[in-house]
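J.: here are the coordinates; sequence isn't available:
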């Protein structure tokens, strides 16, 4: 059996979700775990998929997500979406992810229709790097710091520092894409991909040590995110680390250099 045979494609994992009344259930296989738990990006993707499965895809485009990672999740989880408010142009839906009888994560998802506006401003220039074919594999170079779930992604290291290199400039700029090209809608796959890189603070580590994401928020800047050949350019920068926590900025552009996702994450570090 090859590595590819052993992997569960994300599209297959999402399709395996079952619905019991207002609760979605899914079993997450080992190849999608970070250690013994589900990583933040997959948590976001599963929560979002549960919303689409239960409330249809006639929702407006996804605009913003707020996630709190309260405890370890997996491998079997339940997801309960609740429509908090839905009007003519926006909808707010919360999702609780339960692992056993304990809450593992809570998310708030904001959907909103586009509206006419006189204001148009963008100051999110993509890093000036070559295309993905010009760079080496990020996850292969990361070695033992790359958890199980990273086998589902291709990553090309374009700029910055590698994990566990005692870097004074904790930043990654990496081309990323799913090995599974059948994920629909794209925004669900993008949620999983946007958190595929290790926390940027790990570039400053002198040895491998545990990390745990506490909170993550991100905005989706495009109604219909798309890119060429599946490649997205991802940047993570640890802007402040201290007292066992790191605050990092995260951004994703498509192959054409258009900003698609911008966010922040707070990470507990045990180093």
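T.: The structure has been received and is ready for your questions. In this text, all values refer to a predicted model and were calculated from it rather than measured experimentally.
J.: can you show me the helices along this protein?
T.: Applying DSSP state H to the chain gives helices spanning 3-6, 10-15, 40-55, 138-142, 186-193.
J.: which helices and strands does the last one pack with?
T.: What it means is helix 186-193. helix 10-15, helix 40-55, strand 171-178, strand 232-242 (3 or more CB pairs under 8 Å, 6 or more residues apart in numbering; DSSP states H and E). (C-beta placed from N, C-alpha, C; glycine too.)
J.: what angle do it and helix 40-55 make?
T.: When axes from the mean of the first three to the mean of the last three CA atoms, to 10 degrees is applied, the directions of helix 186-193 and helix 40-55 differ by 150 degrees.
J.: what about the spatially closest residue to residue 167 that is not a sequence neighbour, neighbour count?
T.: The spatially closest residue to residue 167, leaving aside those adjacent along the chain, is residue 161, at 3.5 Å (CB to CB, 6 or more residues apart in numbering). As a burial measure, the neighbour count of residue 161 was computed by other CB atoms under 10 Å and equals 18.
J.: correct me, but residue 161 touches residue 172?
T.: Yes - Residue 161 sits in contact with residue 172 when judged by CB atoms under 8 Å, with a separation of 7.3 Å.
J.: name the residues contacting each of these two.
T.: Both residue 161 and residue 172 are in contact with residue 203, where contact means CB atoms under 8 Å, 6 or more residues apart in numbering.
J.: tell me the most buried of the helices and strands packed on helix 186-193?
T.: helix 40-55 (a mean of 24; mean count of other CB atoms under 10 Å).
J.: which strands and helices sit next to it?
T.: Secondary structure elements in contact with helix 40-55, counted by 3+ CB pairs under 8 Å, 6+ apart, are helix 10-15, strand 23-27, strand 62-69, strand 76-86, strand 90-99, strand 102-112, helix 186-193, strand 211-220.
J.: the second one: which residues count as buried?
T.: Right, strand 23-27. Judged by neighbour count (16 or more other CB atoms under 10 Å), strand 23-27 contains these buried residues: 24, 26.
J.: and the contacts of that strand?
T.: Contacting residues not belonging to strand 23-27 are listed as 13, 16-19, 46, 49-50, 53-54, 75-81 [CB under 8 Å, 6+ apart].
J.: out of the helices of the chain, nearest to residue 107?
T.: When those are compared by CB to CB, helix 40-55 sits nearest residue 107, at 4.7 Å.
J.: could you list the low-pLDDT ranges of this structure?
T.: 1-5, 144-145 (pLDDT under 70).
J.: look up how far residue 200 lies from the closest residue to residue 47 other than its chain neighbours.
T.: Once flanking residues are discounted, residue 47 sits nearest to residue 95: 4.0 Å by CB to CB, 6+ apart. Remark: distance between residue 95 and residue 200 (CB to CB, to the nearest Å) = 27 Å.
J.: likewise residue 16?
T.: Residue 16 is 32 Å from residue 200, where distance means CB to CB.
J.: ok, residue 264 next?
T.: Distance of residue 264 to residue 200, given as CB to CB: 12 Å.
J.: anything in contact with each of those two?
T.: A shared contact of residue 264 and residue 200, defined by CB under 8 Å, 6+ apart, is any residue touching both; here these are residue 248.
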